[in-house]
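Participant: no letters, just coordinates:
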């Protein structure tokens, strides 16, 4: 573990009251370790953002990392973009996350500028975009606002532009839903989390992170205007979609 990556022990002690999960300073402090040990396939998802950026980002365009957290997705794209006159816009509503993101981005040398904005992703303008990314972000947006947000992203994309949408997903079949949850919890145990930590964090995320099925995501993307959307990755109950304008 690097010096910048602190171990997640936030839910290791039993709590009488578990507050709703928030991306505050305590989470920002351990987030890199937390997401690596909590999201199956997260590292692969990040590296593929770089592959997709190399293929799809065009000259004179913007790239949006919506819910950029500590900037891992931003850096993956930044290292692989070959287009000229490209700006990456990283947006996150957590000041604690964005402060650490700024420090990380500043240490990463690249001719591609990164503009960081502390704001709700629902409020910012999307313009001249060849690529937009929502890496485990939409699941934290209220369900009633999701279509409006995706429609705004679609409108701000250039023709041929792509949206990469990565999400924790739900399953309509109860047996499959339970199987996927069980496998996810097994993954977390294999990465050092105790049953207490798993249980308490799940309680904290209840009603904060609201997953939906892949079918629901694809249907909403069509409603937002995307002509095509494909599931390119899934590991247990985590998945990623490419939507093309």
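Facilitator: That came through fine. Just so it is clear, the structure is predicted and the values come from calculations on it, not from any experiment.
Participant: buried set for the longest helix seen in the chain?
Facilitator: What stands out as the longest helix in the chain, according to DSSP state H, is helix 174-190. Neighbour-count burial for helix 174-190, counted by 16 or more other CB atoms under 10 Å, picks out 177, 180, 184, 185, 187, 188. Bear in mind the C-beta positions are built from the backbone N, C-alpha and C, glycine included.
Participant: surely the second one and residue 236 touch.
Facilitator: Yes - taking contacts as CB atoms under 8 Å, residue 180 lies within contact range of residue 236: 5.3 Å.
Participant: longest strand anywhere in the chain?
Facilitator: Counting by DSSP state E, the longest strand found in the chain is strand 157-168.
Participant: and the pLDDT for the residue nearest the centre of the chain?
Facilitator: For the chain, the residue sitting closest to the mean C-alpha position, by CA atoms, centre = their mean, is residue 135 at 1.9 Å. Predicted confidence (pLDDT) for residue 135: 97.
Participant: kindly report the same for residue 16.
Facilitator: Residue 16 is assigned 89 on the pLDDT scale.
Participant: who does the stretch of helix or strand residue 216 belongs to touch, helix- and strand-wise?
Facilitator: Element membership for residue 216 (DSSP states H and E) is helix 214-224. Judged by 3 or more CB pairs under 8 Å, 6 or more residues apart in numbering; DSSP states H and E, the packing partners of helix 214-224 are helix 143-156, strand 157-168, strand 228-235, strand 238-244.
Participant: now the longest one against strand 157-168, angle please.
Facilitator: Right, the one you point to is helix 143-156. Angle of helix 143-156 versus strand 157-168, following axes from the mean of the first three to the mean of the last three CA atoms, to 10 degrees, is 150 degrees.
Participant: picking up where we left off before, farthest-separated two in the buried residues of helix 174-190?
Facilitator: Based on CB to CB, the longest span within the buried residues of helix 174-190 runs between 177 and 188 and measures 16.8 Å.
Participant: give the buried residues for the helix holding residue 216.
Facilitator: 214, 216, 217, 218, 220, 221, 224.
Participant: what about this protein, any weak spots by pLDDT?
Facilitator: Along the chain, segments meeting pLDDT under 70 span 1-5.
Participant: residue 101 and residue 72 touch, don't they?
Facilitator: No - counting by CB under 8 Å, residue 101 stays clear of residue 72, with 9.0 Å between them.
Participant: who has more neighbours out of these two?
Facilitator: It is residue 101, of residue 101 and residue 72, that has more neighbours when counted by other CB atoms under 10 Å, with 26 against 22.
Participant: pretty sure that one is in a helix, no?
Facilitator: Yes - applying DSSP: H, G, I helix; E, B strand; the rest coil, one finds residue 101 inside a helix.
Participant: what about residue 109, is that helix, strand or coil?
Facilitator: Relying on three-state DSSP, one would call residue 109 coil.
Participant: so what's residue 220 closest to, chain neighbours aside?
Facilitator: residue 147 (5.6 Å; CB to CB, 6 or more residues apart in numbering).
Participant: ok, that neighbour to residue 48 distance?
Facilitator: As judged by CB to CB, to the nearest Å, residue 147 and residue 48 stand 26 Å apart.
Participant: who has more neighbours, those two?
Facilitator: Ranked by neighbour count (other CB under 10 Å), residue 147 and residue 48 place residue 48 first, with 18 against 14.
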